[in-house]
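**Q** Fold the following.
(one chain, ligands or ions: 1)
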Amino acid sequence: MSRVLRVACAQSGPIQKADSRQAVVARTIELLDQAAAQKCGLVVFPELALTTFFPRWYMTEQAEVDAYFEREMPNAATRPLFERAALHRIGMSFGYAELTSDGRHFNTSILVDRGGRIVGKYRKVHLPGHAEFDPARSFQHLEKRYFEPGDLGFPVWRTMGGILGMCICNDRRWPETYRVMGLQGVELIVLGYNTPSVNSQKPDEGPEQRMFQHRLSLQAGAYQNSTWVVATAKCGVEDGHPLFGGSMIVNPDGEVVAQAKTEDDELVVADCDLDATIFGKRTVFDFARHRRVEHYGRITGQTGTILPPEE
Ligand code: CDT
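**A** Next up is the predicted model:
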């Protein structure tokens, strides 16, 4: 039986501070309808898909912060999206800011099956940026202020005919992210991201270099774990702050098979043959045959760099 899953990145153009959840959800439904028309089986929306990328703003009032968070999922604003996805029999994944009933804040994404049921939840592990205001920066990335690190690890789920996993934005730059899922046989990793087009501390690092690093991370993760990687941007200029596009689908050989052309709402579609993961998993990246865990202790035993002793 063929295991081809037609997947769409549902890239999102900018969401301004003033945009309502209802207006954003209406845009996601429009993309979902387009994906249904193209017979997609899975649609991947970005990180924090329902709001502007609010961690760029320094806020001191918790009520102002919490206004960007969802207390339940689905909720009144997102239920129409769940209902439309179930109507189309399309699976989906999207990110949102999660506020739990006991007051914890996470940068979360979910996996929803074709019946509209949430089958997987992931909470972002690698939170970039800072917790405190820095007057020296023109803008900040305050994820460490507004979220706590995810507490669910990197699980994978059997759904939609394959083994699927999730990560979020900055996670894609860390080889550990892919490898932990690779060790569970992952066949398709979905992720969303909000990446500023410029580096506030390194003005000569332009969008080209940042795009190169983005592609490099996705392609290496896919190849080294013989998995599909589907990465979806929220992009364009949000209240004066540019985010880059570059949504793409990477095959298990590490090749980009489809890529966004705009920095706006756009679908990027590819047929992902999940059986194409088998060859790499049985040969170069047959972990059981080739890994040498006796030499990998530092990977889990330390976080920062420990330099060799001075001569
Ligand atoms: N959202 C997110 O994780 N963005 C980061 C920006 C890092 S710059 C502090 C990223 O890795 O793309």
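**Q** what about the spatially closest residue to residue 113 that is not a sequence neighbour, which SS state?
**A** Once its chain neighbours are removed from consideration, residue 113 has its nearest residue in residue 119; the separation is 4.8 Å (CB to CB, 6 or more residues apart in numbering). From N, CA and C alone the C-beta is placed, and that goes for glycine too. Of the three states, residue 119 takes strand under DSSP: H, G, I helix; E, B strand; the rest coil.
**Q** tell me the contacts of residue 119?
**A** Residues in contact with residue 119 (CB atoms under 8 Å, 6 or more residues apart in numbering) are 111, 112, 113, 157, 159.
**Q** One more: residue 163?
**A** Under the criterion of CB under 8 Å, 6+ apart, the contact list for residue 163 reads 156, 157, 184, 185, 186, 187, 188.
**Q** Report the separation between the last one and the ligand.
**A** What that stands for is residue 188. Applying CB to the nearest ligand atom, to the nearest Å, the value for residue 188 to the ligand is 21 Å.
**Q** excluding its backbone neighbours, what's nearest that residue?
**A** If the residues on either side of it in the chain are set aside, residue 188 comes closest to residue 228, at 4.2 Å by CB to CB, 6+ apart.
**Q** right, and the one you found touches residue 254 too?
**A** No: the pair residue 228 / residue 254 is not scored as a contact, 10.6 Å apart, by CB atoms under 8 Å.
**Q** Need the overlap of contacts for those two.
**A** With CB under 8 Å, 6+ apart applied, the overlap between the contact sets of residue 228 and residue 254 consists of residue 222.
**Q** hang on, the earlier thing: residue contacts, the residue nearest to residue 188?
**A** 7, 187-189, 222, 249-252, 272, 274, 276-277.
**Q** Just the ones of those in strands?
**A** With strands identified by DSSP state E, the entries of these that belong to them are 7, 188, 189, 249, 250, 272.
**Q** Just give me the neighbour total for the last one.
**A** Using other CB atoms under 10 Å, residue 272 has 27 other residues around it.
**Q** Tell me how far it lies from residue 121.
**A** Summarising the geometry, the distance separating residue 272 from residue 121, computed by CB to CB, to the nearest Å, is 22 Å.
**Q** for the fourth one, same thing?
**A** Residue 249 is 23 Å from residue 121, where distance means CB to CB.
**Q** what about these two, which has more around it?
**A** residue 249 (28 against 17).
**Q** so who does that one touch?
**A** Each residue near residue 249 by CB under 8 Å, 6+ apart is listed here: 7, 9, 228-231, 256-259, 268, 270, 272.
**Q** Now tabulate the contacts of residue 228 in CSV and tack on pLDDT.
**A** Compiled in CSV, the contacts of residue 228 are given as follows (pLDDT from 0 to 100):
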residue, pLDDT
7, 99
187, 99
188, 99
189, 99
222, 99
249, 99
250, 99
251, 99
252, 98
272, 98
274, 98
276, 98
277, 98
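**Q** Tell me the buried residues within those.
**A** For these, burial is judged from neighbour counts taken by 16 or more other CB atoms under 10 Å, and it is met by 7, 187-189, 222, 249-252, 272, 274, 276-277.
**Q** picking that back up, now for the contacts of residue 163: which two are most distant?
**A** Longest distance between any two of the contacts of residue 163 is 12.4 Å, between 184 and 188; criterion CB to CB.
**Q** which residues are common contacts for the two?
**A** Both residue 184 and residue 188 are contacted by 163, 165, under the criterion CB under 8 Å, 6+ apart.
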